[in-house]
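Trainee: My questions concern the predicted model and sequence given below.
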Amino acid sequence: MNPLLDIKNLSVTVGCQADAKSILDNVSFSVGKGRIMALVGPSGSGKTTAGMAILRLLDQALIVRSGEVLFENEDILAVPAQRMRRVRGAQIAMVFQEPLDAFDPLFTIGQQIDEVLAAHTDLSSQERHERVLEVLSQVQLPQPGRVVRRYPHQLSGGQRQRVLIAQSIACRPKLLIADEPTSNLDVVAQAGIMDVLRALKNRAGVSIILITHDLGMVAHIADDAVVLCEGRVVEAGPIGDLMTNPRHPYTQAMVEVFR
């Protein structure tokens, strides 16, 4: 079976000079349909850069030097900007690391999710409202009818993270990129977010790229893992293999701490 996403020899640098600093160096990995793939590595290893490159949201200083990002066998690095706007948010969505920064403080939760639906679907106003309530329930937020009327600052960190996931899945994307989705959350909130991600995979068939440095989370939720160090893939495979027989020193150190 062909993977949903297949990244081949992706290289990203700061600037385009011959001596430009490399952020990603010939990175290759794939994400299977209905699977959770963890992208693991220390800070500065290129994890978030890889996620942003998939969506073509890199900072202007970062340049894709080479490689392909095949989504359903289409190289989305090569498609026109108009086509990419249809892919981004509708077919591939991202949960950013800091949910408060992702929301406009002047608009309610309901208005901000509705805006995504209005941009990417032909649903009527009533259908969009129903879909907003549906996705808020899907991420296990109680009383979604009340949540839609609240502003981001009126929610807890865990609630904002769930709302951000709800906004990301509103258009039923096939691939969700979750960048450190449990950072700065307490243990109870972290467990709740992991339950939501599992449900998205098991019930909705969503493929997920989980960007994290938390091997404990990876061990409990991921099917596969790719380990990045200094912008290079140093190890990859099913999570069970990496946990029981890590080969690279960084992976070995992570597993040793987890044990």
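Mentor: Thanks, I have the structure now.
Trainee: how distant is the helix or strand bottoming out on mean pLDDT in the chain from the center of its chain?
Mentor: The helix or strand with the lowest mean pLDDT-type score in the chain, counting by mean pLDDT, DSSP states H and E, is helix 99-102 (a mean of 74). Going by CA atoms, centre = their mean, to the nearest Å, the spacing between the C-alpha centre of helix 99-102 and its chain's C-alpha centre is 14 Å.
Trainee: Same question for the helix or strand just after it: list its buried residues.
Mentor: Proceeding C-terminally, helix 99-102 gives way to helix 109-120 as the next helix or strand, assigned by DSSP states H and E. Using 16 or more other CB atoms under 10 Å as the test for burial, helix 109-120 gives 109-110, 112-114, 116-117, 120. Bear in mind the C-beta positions are built from the backbone N, C-alpha and C, glycine included.
Trainee: Same check on stretch 45-65?
Mentor: Neighbour counts over stretch 45-65 (16+ other CB under 10 Å) mark 45-56, 62-65 as buried.
Trainee: Which stretches in the stretch 1-150 of the chain count as strands?
Mentor: With DSSP state E, counting those that start in this stretch as the definition, the stretch 1-150 of the chain shows strands at residue ranges 5-14, 21-31, 36-40, 62-71, 74-75, 92-95.
Trainee: Would you point to the one among those that's packed deepest?
Mentor: Per residue and on average, the most neighbours among the strands of the stretch 1-150 of the chain fall to strand 36-40, with a mean of 27 (mean count of other CB atoms under 10 Å).
Trainee: Quick check: mean pLDDT of that one?
Mentor: Across strand 36-40, the average pLDDT comes to 95.
Trainee: State the distance from Val196 to Gln159.
Mentor: 12 Å (CB to CB, to the nearest Å).
Trainee: again, but for Val234
Mentor: Applying CB to CB, the value for Val234 to Gln159 is 36 Å.
Trainee: who has more neighbours, the two?
Mentor: For Val234 and Gln159, the more surrounded residue by other CB atoms under 10 Å is Gln159, and the numbers stand at 21 against 16.
Trainee: give me every residue that touches that one.
Mentor: Residues counted as contacts of Gln159 (CB atoms under 8 Å, 6 or more residues apart in numbering) are 141, 147.
Trainee: Pull out the buried residues from whichever strand or helix holds it.
Mentor: Using DSSP H and E, the element containing Gln159 is helix 157-169. Residues of helix 157-169 classed as buried under the neighbour-count rule (16+ other CB under 10 Å) are 158-169.
Trainee: Just list the residues touching Phe71, thanks.
Mentor: The contact partners of Phe71, taken as CB under 8 Å, 6+ apart, are 4-5, 54, 87, 91-92, 175.
Trainee: Next, format those residues as CSV and append pLDDT and distance to Arg149.
Mentor: Shown next, in CSV, are the contacts of Phe71 (pLDDT from 0 to 100; distance: CB to CB, whole Å):
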residue, pLDDT, distance to Arg149
Leu4, 96, 36
Leu5, 97, 36
Ile54, 96, 34
Val87, 92, 31
Gln91, 94, 30
Ile92, 96, 29
Leu175, 97, 31
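Trainee: between the residues you listed, which is nearest Ser22?
Mentor: The shortest separation between Ser22 and any of the contacts of Phe71 is 18.0 Å, and it belongs to Ile54 (by CB to CB).
Trainee: tell me the contacts of that closest one?
Mentor: Residues counted as contacts of Ile54 (CB under 8 Å, 6+ apart) are 5, 7, 69, 71, 76, 92, 177, 209.
Trainee: list the contacts for the first one?
Mentor: Counting by CB under 8 Å, 6+ apart, Leu5 makes contact with 30-31, 54, 69-71, 175, 207, 209.
Trainee: how about the buried residues of stretch 45-65, which pair is most distant?
Mentor: Spatially, the most separated pair among the buried residues of stretch 45-65 is Ser45 and Arg56, at 20.6 Å (CB to CB).
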